[in-house]
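**Student:** have a look at this prediction, sequence included:
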Protein chains: 2
Amino acid sequence: MEPNWTAVTDRALADLTDLVKMESVSAQGRMLEETASAVTRLLEAEGFKVERYPGRAAPVLLAEAGEGPRTLLIYNHYDVQPETPVELWDSPPFQVTERGGRLYGRGISDDKGELISRLAGLRALKEQVGRLPLKVKWLIEGEEEIGSPSLEGFVRQHAGRLRADGCWWEFGSIDPQGRPVLYAGLKGIICLELRCQVADSDLHSSNGAVVDNPLWRLASAVASLRDASGRVTIPGFYDRVHPPSPEDLAQLAKIPDESAAMQQAYGIRGFLDQAAGPAYYRRMNFEPVLNVNGFHGGYGDAGSKTVLPARGMVKLDFRLVPDQRPEEVVRLLRSHLAASGFGDIEVIELESHELPARSPIDHPFIQLAVQVADEVAGPGRSAVLHPSSGGSGPMHPFTEYVGVPVVSAGIGNHASRVHAPNENIRAEDFARGIRFAARFMERISQL
Amino acid sequence: MEPNWTAVTDRALADLTDLVKMESVSAQGRMLEETASAVTRLLEAEGFKVERYPGRAAPVLLAEAGEGPRTLLIYNHYDVQPETPVELWDSPPFQVTERGGRLYGRGISDDKGELISRLAGLRALKEQVGRLPLKVKWLIEGEEEIGSPSLEGFVRQHAGRLRADGCWWEFGSIDPQGRPVLYAGLKGIICLELRCQVADSDLHSSNGAVVDNPLWRLASAVASLRDASGRVTIPGFYDRVHPPSPEDLAQLAKIPDESAAMQQAYGIRGFLDQAAGPAYYRRMNFEPVLNVNGFHGGYGDAGSKTVLPARGMVKLDFRLVPDQRPEEVVRLLRSHLAASGFGDIEVIELESHELPARSPIDHPFIQLAVQVADEVAGPGRSAVLHPSSGGSGPMHPFTEYVGVPVVSAGIGNHASRVHAPNENIRAEDFARGIRFAARFMERISQL
């Protein structure tokens, strides 16, 4: 019996509203235990047996339900980014608000909307079939927004219990034309801070004649790390990077070019090397990247101040591709700085590294996800599969230790403002995400 | 009759205490009219005829007193820097407080202590001689800390009235060994801001694969402006710079090397090219400099944030030497940025430029100042004359339009914390500055 999708969606929206109210900001340790309990109640109501493990900052939930020859592993998180700057929100961050077809709230896209749409789809499937016709193992953590410090160890330790026919990743997106966009991989990431100090206290800038400038030193060091086209210039950085395979390149060629929509949405002045189409998606999927996330030191208010600052600081992230190794990249960076005369610049590793991860795009589980997304999206909105993606996340322990193919499919969109004020999803995508979840699980059970 | 120096100094300290109470912060337009009036009353009490001219932000005072064949022009200012950050002061900023032989307060060195010590010296000389035996023209502005926007025009317009045998500059200093340090010149200055923007709003840093990074662009532009030894690498920058004359080099060789004391006072890690002695002072006096005063953009708090910032900003100052021209240097900078692929970086001129200025070190007026400083300092503390200095200021209109030799002699020291919390002078230097002022004016009158 076909579920009453309106009723299913209304109930899911009520669940989502309740969950968004929980201010589960992991960076600030807010309401993490309570939110883990709320998620546990939602899962138990659908027949899940939920185990709760202590994480470094928040509980890790491992839930199991259903019976059948097939097993689906799902990964989500219940923590969110801080809501600041609150003044840039057009409605209260922890209150779900609908405006113009969009639902606003902190975490509504990342990752509570994903979690609830999946739960609602599972509920609908149970109603339809009378039972859950596959085994679902659901791993839900509360530390994703602070770098998942407990996850790798947890997955490694429980690898046997997590075995499944496929793993459904925590996010996915809908492109500007309404096409579902799925991803079969993530880049790795390293977050670093560079620090330079030339004196104990700030000096009058007349002393710049004899005292080195920490901001110039940092600028010069940062400048030496890449070129104007974005290519990293640290010796050895590309030694382990493979060119994309012919299959990967063929897959890139199928991706509809939405770079112009991206450019318009964010007012982007232009793309590196005027990248568009396959060249744009090749960079996003397969090229490692060095980002400068922040650069701070000295005077920054209006007008001038003739100061020679004592110190400065730079935040960097590297996005890595297979088979780059974070520890090796950090080592190459340190050697490069030392060899370039910047041995005095301190390199601080900010949090756990994440390794790149990819699954084979022709794996039946991944192809099934694409096919179901296609069907649910409807005509003229063919699903798009990226062989990897520009983003990062703790996917590697799943491919490495559990040995499971992983696919990203979800309800975000290019204007979801994830991590930013006015985070949102489209109500339509939420409803469609519920139908996708029900159909995806049903079809997995029939594999 | 020799004055009672203790009484003279006590009265000067009372005047200084009153004047420091006036919160004459020009950057914030605080109490400027009132402070100009307070200074006027002090001058009138000594027989000055004071004219008050409107400046762009604060009144300019031009005062005249005394009679004689010789004329001394004095330049001071009554405005001060903001007192922030207040929490770093160990006593209230606008209340003169004595601790360990030092007098603390905002503006106590720069420039109220200088102003009051000169007034007290003049008062003592009058008592001693029975009249003021030379003509004193005293120009006191209230916009020095905001770049003296009215001064050049004022000096140019009143050049005839300002003619004198010599001009006594607003500051001077005492080195760590108690030697008076005099300066016969200042560098010019340009303050600029560089801005770079790549999008209307911040992006997730995964987009760094295709979108350029404004902080890398700024870093790369800044890196291209100088080398690791501090030498500016903008083509044409040194075209008008002369090497020091043999007389200048001989003068540098006479300067006692206090670089180690400077290094210790500020915990400086090391000097560019290990400069010390004459090489150190050659840089301070004769080398143009590029400073990075500030660099800001993107994330700067604890930990990491994987953001691709939309924009960034850099503050720069150039210190110039004769015959460099600010407009030309800005033009060379713009051409260099454009030629280096950074034509998108906006260059904003922050305030009026100041031209470099120098007076001949063998001029009798300057030699007299050195000689008097020597006498007042006493044995073992020979006065030191720098042919120029590392600092800047609005000296050029005086040498150019008035055609007067200018010398800096005063009561600051290397630990005066000018423009910073706990600004101070040594009580001993204040008392000695009063005696210097009395003797200097007396000796000028006898020229």
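**Tutor:** Ah, there it is.

**Student:** if A:C196 is in a bridge, with which residues?
**Tutor:** Counting by DSSP bridges, A:C196 forms beta bridges with A:G312.

**Student:** pLDDT score for it?
**Tutor:** pLDDT, A:C196: 98.

**Student:** can you tell me how far it is from B:R226?
**Tutor:** When distance is defined by Cβ to Cβ, to the nearest Å, A:C196 is 15 Å away from B:R226. Placement of C-beta: from N, CA and C, glycine included.

**Student:** more crowded one of those two?
**Tutor:** Comparing A:C196 with B:R226 by other Cβ atoms under 10 Å in any protein chain shown, the one with more neighbours is A:C196, at 26 against 22.

**Student:** quick one, what contacts A:A310?
**Tutor:** Listed by Cβ atoms under 8 Å, 6 or more residues apart in numbering or on different chains, the contact partners of A:A310 are A:197-203, A:214, B:266.

**Student:** please list the residues of the stretch 1-150 of chain A that sit near chain B.
**Tutor:** A:27, A:146-147 (Cβ under 8 Å from any Cβ of the partner chain).

**Student:** give me every residue that touches the residue of the stretch 201-350 of chain A found nearest chain B.
**Tutor:** Proximity of the stretch 201-350 of chain A to chain B (Cβ to the nearest Cβ) peaks at A:G267, 2.9 Å away. Residues near A:G267 by Cβ under 8 Å, 6+ apart: B:199-201.

**Student:** at 10 Å instead, please
**Tutor:** By Cβ atoms under 10 Å, 6 or more residues apart in numbering or on different chains, the contact list for A:G267 reads B:197-201, B:310.

**Student:** among those residues, which lie within strands?
**Tutor:** Residues from the contacts of A:G267 lying in strands, with DSSP state E as the criterion: B:Q197.

**Student:** which of the contacts of A:G267 sits closest to A:E327?
**Tutor:** Relative to A:E327, the closest of those is B:V198; by Cβ to Cβ it sits at 30.9 Å.

**Student:** thought that closest one was touching B:N213?
**Tutor:** Yes - contact criterion Cβ atoms under 10 Å: B:V198 and B:N213 qualify, at 7.1 Å.

**Student:** the two: which is more packed in?
**Tutor:** Higher neighbour count among B:V198 and B:N213: B:N213, with 30 against 25, using other Cβ under 10 Å.

**Student:** excluding chain neighbours, give the residue nearest to the residue of the stretch 51-200 of chain A found nearest chain B in space.
**Tutor:** Closest to chain B within the stretch 51-200 of chain A is A:D200: 2.9 Å, counting by Cβ to the nearest Cβ. Distances taken as Cβ to Cβ, 6 or more residues apart in numbering or on different chains put B:G267 closest to A:D200, at 2.9 Å, once the chain neighbours are dropped.

**Student:** retrieve the pLDDT associated with that neighbour.
**Tutor:** 96.

**Student:** phi and psi next, for it.
**Tutor:** Backbone torsions for B:G267, taken as degrees, to the nearest 10, come to phi 60, psi 40.

**Student:** next, find the distance separating it from B:V372.
**Tutor:** 35 Å.

**Student:** ok, A:E145 next?
**Tutor:** Counting by Cβ to Cβ - A:E145 and B:V372 are separated by 69 Å.

**Student:** likewise A:H396?
**Tutor:** A:H396 is 76 Å from B:V372, by Cβ to Cβ.

**Student:** what does A:W89 give?
**Tutor:** Between A:W89 and B:V372 the distance is 67 Å, computed by Cβ to Cβ.

**Student:** if we can go back for a sec, more neighbours: A:E145 and B:V372, which one.
**Tutor:** Counting neighbours by other Cβ under 10 Å for A:E145 and for B:V372 shows that B:V372 has the greater number, 24 against 21.

**Student:** wait, isn't that one in contact with B:R439?
**Tutor:** Yes - with contact defined as Cβ under 10 Å, B:V372 counts as touching B:R439 (5.1 Å).

**Student:** burial of A:P235, as a residue count?
**Tutor:** 11.

**Student:** that one touches A:S335, doesn't it?
**Tutor:** Yes - if you go by Cβ under 10 Å, A:P235 and A:S335 touch, sitting 7.7 Å apart.

**Student:** re earlier: show me the contacts for the residue of the stretch 51-200 of chain A closest to chain B.
**Tutor:** A:310-311, B:264-269.

**Student:** helices along chain A, start to end?
**Tutor:** A:5-21, A:32-45, A:112-129, A:151-157, A:159-162, A:214-223, A:246-253, A:259-266, A:277-286, A:326-339, A:364-377, A:396-397, A:427-445 (DSSP state H).

**Student:** go through those and name the closest to A:T71.
**Tutor:** Taking Cβ to Cβ, helix A:427-445 is the member of the helices of chain A nearest to A:T71, at 8.5 Å.

**Student:** minimum distance to A:G303: which of the helices of chain A has it?
**Tutor:** helix A:214-223 (17.6 Å).

**Student:** tell me the mean pLDDT for the closest one?
**Tutor:** pLDDT averaged over helix A:214-223 gives 98.

**Student:** just the angle between that helix and helix B:214-223, please?
**Tutor:** Here helix A:214-223 runs at an angle of 110 degrees relative to helix B:214-223 (axes from the mean of the first three to the mean of the last three Cα atoms, to 10 degrees).

**Student:** is chain B within reach of helix A:214-223?
**Tutor:** Yes - using Cβ under 10 Å from any Cβ of the partner chain, helix A:214-223 reaches chain B at A:214-223.

**Student:** can I get these in CSV including neighbour count?
**Tutor:** Converted to CSV, these look like this (neighbours: other Cβ atoms under 10 Å in any protein chain shown):
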residue, neighbour count
A:P214, 26
A:L215, 30
A:W216, 26
A:R217, 22
A:L218, 27
A:A219, 30
A:S220, 24
A:A221, 23
A:V222, 26
A:A223, 19
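
**Student:** quick check, nearest of those residues to B:L355?
**Tutor:** Closest to B:L355 out of the residues of helix A:214-223 next to chain B is A:W216 (24.6 Å), distances taken as Cβ to Cβ.

**Student:** name the nearest residue to the closest one, sequence neighbours excluded.
**Tutor:** The shortest distance from A:W216 to any non-neighbouring residue, by Cβ to Cβ, 6+ apart, is to B:V292 (5.0 Å).

**Student:** wait, what's in contact with that neighbour?
**Tutor:** A:205, A:208, A:213-219, A:297-299, A:307-309, A:312, B:194, B:222, B:225-226, B:314-317.

**Student:** quick check, A:L72 in contact with A:P405.
**Tutor:** No - counting by Cβ under 10 Å, A:L72 sits too far from A:P405 to count as a contact (11.3 Å).

**Student:** how many other residues sit next to A:E44?
**Tutor:** A:E44 is flanked by 13 other residues according to other Cβ under 10 Å.

**Student:** domain assignment for chain A?
**Tutor:** Domain assignment for chain A by automatic domain parsing gives A:5-186+A:357-445, A:188-241+A:287-354.

**Student:** looking at the ones you listed, which is closest to B:F365?
**Tutor:** Checked against Cβ to Cβ, the stretch from those lying closest is domain A:188-241+A:287-354, at 24.2 Å.

**Student:** what's the end-to-end length of that closest one?
**Tutor:** In domain A:188-241+A:287-354, first residue to last residue: 5 Å (Cα to Cα, to the nearest Å).

**Student:** what of stretch A:338-355?
**Tutor:** End-to-end distance for stretch A:338-355, by Cα to Cα: 25 Å.

**Student:** buried residues in that stretch, which are they?
**Tutor:** For stretch A:338-355, the buried set under the neighbour-count rule, 16 or more other Cβ atoms under 10 Å in any protein chain shown, comprises A:342, A:344-345, A:347, A:350, A:352-355.

**Student:** grab the nearest non-local neighbour of A:G390.
**Tutor:** Leaving aside its chain neighbours, A:G390 sits nearest to B:S206 (3.4 Å; criterion: Cβ to Cβ, 6+ apart).

**Student:** contacting residues around that neighbour?
**Tutor:** B:S206 makes contact with A:186-187, A:189, A:284, A:289, A:291, A:317, A:319, A:389-392, B:306, B:308, according to Cβ under 10 Å, 6+ apart.
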